[in-house]
Every structure is written in C-alpha cells, then in structure tokens.
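Need coordinates for the following:
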Amino acid sequence: MECETSLTPEEAKEFGIIDELLSHTPTVLQFLLLQSEQRLDNEIKLQDKNRRVLRCLLSWVRVGCFSEIPPASLPTHPLFTFVFNSLQVSSSFDVAVEVLIELVSRYEGLPQVLLIRIQYLKDVLLRSAILNKDEKIISGLACLMSEIGQAAPALIATATAEALTLADALLSCVTYSSCDWEIADSTLQFWCCLANYLLGVDFQSANRKTVEDMFFPVFSALLDAVLLRAQVGDTGSDNRDSLDIPDGLVHFRLNLEELLIDICQILGPAAFVQKLLSIRCASFDSFPHWVELEARMFALNVVSNMFWK
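This is a model prediction of the structure:
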C-alpha cells in the first residue's frame, strides 16, 4: 500500500500541490474503502493491513481529503465507520484515535456525532480499560473525549445526558491512578475550555441556573479528583514513603493552576475554600493525611495568589 503521503499539510501547501493531491481524493478514498473491506484469513496480516489503511487515511485527512464529502454524510461514510470500529482493536486503537481527533478538529458537525456515541466509549471501552489497567486505552480515550469537548464546548454546556456522560467519563480518567500524571494532565485543557465557556458573559446571563444545577456538582467532583492526583506520593501505588515531588507532578501542578482558578470562580470563593478546608481532622499524625493537607494548601495558595495580585 503506497498511498500514504509523508508531507504535512503545510509542506504540501508550500510546494503548491494541495490541489493536485485533492484531485485524487475520490480514487484514494475508493482504494482505502476497498482495502478496509478486504478480509484475510491470517489475523495478524489483517490487523497489519488495517493499521496501514488507517495510517494512510490519517495522512490524507491532514491534507483535507474529506473536505469534498458533505458534512451530513460523513458520519455514515463507510471509512468513518471503519475508523470508529478500529477503536475496538488493540493493534489499531492508537491510529484510530489519531484519525478521529484530526477529523474532530476539522469538521464542525463531528463532535455532535461522536457525543452520541460517548455512552458506548465509556461503558464498553473505558470501563474495561480501567478494570484491566490498560493505560494505552485510557490515555487514548482521554485525549479523544477531551478533543470532542474542546471542539464544541457549547454542546457540553447544554448539559444533555450525553454531555454529562462525557464529563463523567473524563472524571474517571482524571481519578485513574497511574505511574505518571499524563492521563490527568491531558484532560486539563478540556476542563479549562468548558469552564471559560460557562463563565462567559453571554452564557452566564441566560443560563446561570444550568451552571448551578448541572455543573456545580461536576466541578466539585473535579476539584476532589485533581486534589487527589496532586498529592505528593500519588504515583499509582500505595507507596507514600517519600515527600519528594517528582518532575511529572511539578509539571502537572503547574498546568493545574489555571483550572483551580476556574473551579474557584464556578463554585464561588466561599464554597471553594470551605471545600478545601473540609479535610478530616482526625489522626493528622499519619502520613496520608499530611499529603492530603499539603495538596489542599497548594490549591489554596494558587487561588489566594490570584486574589492578592
């Protein structure tokens, strides 16, 4: 299969060959469709072939090969179905995620289409991955769902069942305790994007009750989740015998500062501070309580610095 282009869209534009490439779109898509439908008796060869189809498709999506397909028909396009179904195959999962993220960033209607399928992603793929501690799947789904939310914050702000399912699924990704902080960190931009939208003047004036009724509990749970992941010694195990702050945690806390300020604004300063100070007071001589207290003091310091500037 030699249909993959190694040029980036920027390089293709520079060399003036975008139009030339796109003129071959119908032929390329038809070829890829035939390849995706081809069945092989050897499972390993089939998986390798499908992965190469996805990798080739990714290159062509990046130069805009789907631009001539009517947006309304994209969700039912056989190649889109092939990409989505490839999420269920471990060998092709990562490339399928890349293709979907690229499509979401380019086509306005696609986030809504994928939002309808969030329940499936959560119940079938994410839940199983968390139970099996499959960080590759968890990380990929966290990136994909975050991209869906960032591409269409207005959809999430409507607080539909699907929107709240996406938020709940991403909360599961934040709370997942891994050996580093990359999974939780990959969701932060989505949460900041949603918070900024909810705090927007136009949205606030007409939808304050929606924020209070639907998103206060979400951001309250998010605060609990990020405080848990921000604790010193939270390295994905029960080993908390060191007060050293790993580089990954330092980076995560730095990226977390903006979100803590956003959460404070959504919950309100009084509720935010009250939640931070609601730590259990018993047995402060035990190490776990001290790391919990330190994480809360970190969050309090971040927000207090904002108000004192």
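
what are the ranges of the helices in the stretch 51-200 of the chain?
Applying DSSP state H, counting those that start in this stretch to the stretch 51-200 of the chain gives helices spanning 78-85, 93-106, 110-116, 118-120, 127-131, 135-151, 153-157, 161-175, 182-198.

for the first one, packing partners?
Packing partners of helix 78-85 (3 or more CB pairs under 8 Å, 6 or more residues apart in numbering; DSSP states H and E): helix 25-37, helix 43-62, helix 93-106. For the C-beta atoms, the positions are set from N, CA and C on the backbone; glycine is no exception.

and what of the fourth one?
Here helix 118-120 touches helix 161-175, going by 3+ CB pairs under 8 Å, 6+ apart.

For the helix it packs on, the averaged confidence score.
The average pLDDT within helix 161-175 is 96.

Highest average neighbour count across the helices and strands packed on helix 78-85: which stretch is it?
helix 93-106 (a mean of 20; mean count of other CB atoms under 10 Å).

Could you tell me the angle between it and helix 43-62?
Put simply, helix 93-106 runs at 20 degrees to helix 43-62, going by axes from the mean of the first three to the mean of the last three CA atoms, to 10 degrees.

what's helix 93-106 packed up against?
So helix 93-106, by 3+ CB pairs under 8 Å, 6+ apart, packs with helix 43-62, helix 78-85, helix 110-116, helix 135-151.

can you pull the buried residues of the second one?
Meaning helix 78-85. Leu79, Phe80, Phe82, Val83, Phe84 (16 or more other CB atoms under 10 Å).

And it, how far out from the chain middle?
In terms of CA atoms, centre = their mean, to the nearest Å, the centre of helix 78-85 is found 20 Å from the chain centre.

Once you drop chain neighbours, what's closest to Glu182?
Ser139 (6.7 Å; CB to CB, 6 or more residues apart in numbering).
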